[in-house]
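Participant: With the input below, show me the fold.
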Amino acid sequence: MKIGGGGSDNANILFSDNVTLRNEDAVVADDHAFFFGGGLSQAASNYSHGQVFNPSGSGIVTFIDGFVFEAQTGSVIIIGFYDTELTTDAGAFLNKRNAGAAGASHFRTQLSTSRLGTYWYGNALAALSPWIQPLIYPVELAAGEGFIMAMNTVNADAYLTFTIREYTA
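Facilitator: Residues are numbered from 1 along each chain as shown. The predicted structure is shown next:
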């Protein structure tokens, strides 16, 4: 590690062999960027939920870089945290490199008669109008933590895709 001298703006920069910074978070090594998504099914009197879950003991930190959420009907979409795995494991996140290994994080779904998780934001969407949200400051999940999105309306179909990175803890 070394300290770079200030330039014309008298800024000091810390250089490291271990990590590069982007938007105040760690840039991961090649082969550690992923995506996954799918449909959230509907059922009478049930809320549809989708989740990024970083399994306990994974040894990684998950950074959520963005998402796309589209509902079949107009609704408020709510987002928050839920550190319990949803019941249906849709699978491990797919590597953005075609031949790369799958991620440790999983995309999970669940129908429930109540909204699951602690929500901290909502956004109203018209039917079939996607919410495309790149995150300037990614959501960070340690092992055993989850990020959840849900419809605030029962009996509604939706589609959800996440882009994430994984960094070895």
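
Participant: going forward, measure contacts between C-alpha atoms and count neighbours the same way
Facilitator: Will do.

Participant: The helix or strand hosting residue 166 pairs with which strands, parallel or anti?
Facilitator: For residue 166, the host element (DSSP states H and E) is strand 158-168. Strand 158-168 pairs in its sheet with strand 33-40 (antiparallel), strand 60-71 (antiparallel), by DSSP bridges.

Participant: Quick check: which helices or strands does whichever helix or strand comes after the longest one pack against?
Facilitator: Once strand 60-71 ends, the next helix or strand along the chain (criterion: DSSP H and E) is strand 75-81. Helices and strands touching strand 75-81, as assessed by 3 or more CA pairs under 8 Å, 6 or more residues apart in numbering; DSSP states H and E, comprise strand 118-125, strand 145-151.

Participant: Repeat the analysis, applying 10 Å as the threshold.
Facilitator: Where contact means 3 or more CA pairs under 10 Å, 6 or more residues apart in numbering; DSSP states H and E, strand 75-81 is packed against strand 47-54, strand 60-71, strand 118-125, strand 145-151.

Participant: Can you pull up the most central residue in the protein?
Facilitator: Centroid-nearest residue in the chain: residue 64, 3.7 Å away (criterion: CA atoms, centre = their mean).

Participant: Excluding covalently adjacent residues, which one is nearest to it?
Facilitator: The shortest distance from residue 64 to any non-neighbouring residue, by CA to CA, 6 or more residues apart in numbering, is to residue 164 (4.4 Å).
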